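>>> Structure, please.
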Amino acid sequence: MIGHATVVSDVLHRDPPVELVGRTFTRGCRLDIDSLAPYLTGVEVAPLVRRLEAFPRKDAWSIWLRRPLVSLTRRDANLLRRKVAQIAEPLQRNRDSYLRSIKPVATVRRPA
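Predicted structure coming up:
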């Protein structure tokens, strides 16, 4: 986890889809981003899995993170918020380093 944000709109279908660094997004929402960890840092989730209620199968927790949205209990949200607050800084301090580092995702070329 790299920061703290609040969802400020419904998750809606995008028509047309939004393309960003080589990826296509068909759904989206507005976020109010409060803070970001310095680029290439963040809170590692793996050591917290046993304490998080969001992952009913602890042995397969990473599959849940591939979902677009992961529901959190209030307890989980508070734990993660505390962990992020230990490293994250105001958005303006780290935003530009993230924007400078965005690289397009390589596309796989299939033989003709």
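>>> ok so P104 is a helix residue?
No: judged by DSSP: H, G, I helix; E, B strand; the rest coil, P104 forms no part of a helix; its state is coil.
>>> That one: what's it in contact with?
21-22 (CB atoms under 8 Å, 6 or more residues apart in numbering). In short, each C-beta sits where N, CA and C put it, glycine included.
>>> okay, and for this protein, where does confidence drop off?
Along the chain, the parts satisfying pLDDT under 70 run over 68, 105-112.
>>> how about 90 then?
18-25, 27-28, 54-72, 99, 101-112 (pLDDT under 90).
>>> now the helices for the chain?
61-64, 74-85, 91-101 (DSSP state H).
>>> For S71, give its distance to A54.
Counting by CB to CB, to the nearest Å, the gap from S71 to A54 is 7 Å.
>>> Who has more neighbours out of these two?
Taking neighbours as other CB atoms under 10 Å, S71 and A54 compare with A54 leading, 18 against 10.
>>> Touching, the more buried one and V70? I think so.
Yes: between A54 and V70 there is a contact at 5.7 Å, judged by CB atoms under 8 Å.
>>> Can you work out which residues contact both of these two?
What both A54 and V70 touch, as defined by CB under 8 Å, 6+ apart, is the set W64.
>>> Nearest to L40, out of the helices of the chain?
Set against L40 and scored by CB to CB, the helices of the chain come closest in helix 91-101, at 8.2 Å.
>>> Which strands and helices lie in contact with that closest one?
strand 31-36 (3 or more CB pairs under 8 Å, 6 or more residues apart in numbering; DSSP states H and E).
>>> Within its sheet, name the partner strands of the strand it packs on and how each one runs.
strand 3-7 (antiparallel), strand 89-90 (antiparallel) (DSSP bridges).
>>> and the angle from it to helix 91-101?
Following axes from the mean of the first three to the mean of the last three CA atoms, to 10 degrees, one obtains 100 degrees for the angle between strand 31-36 and helix 91-101.
>>> who's in contact with strand 31-36?
2-8, 84-85, 88-91, 93-95, 98.
>>> What's the separation between L31 and D59?
31 Å.
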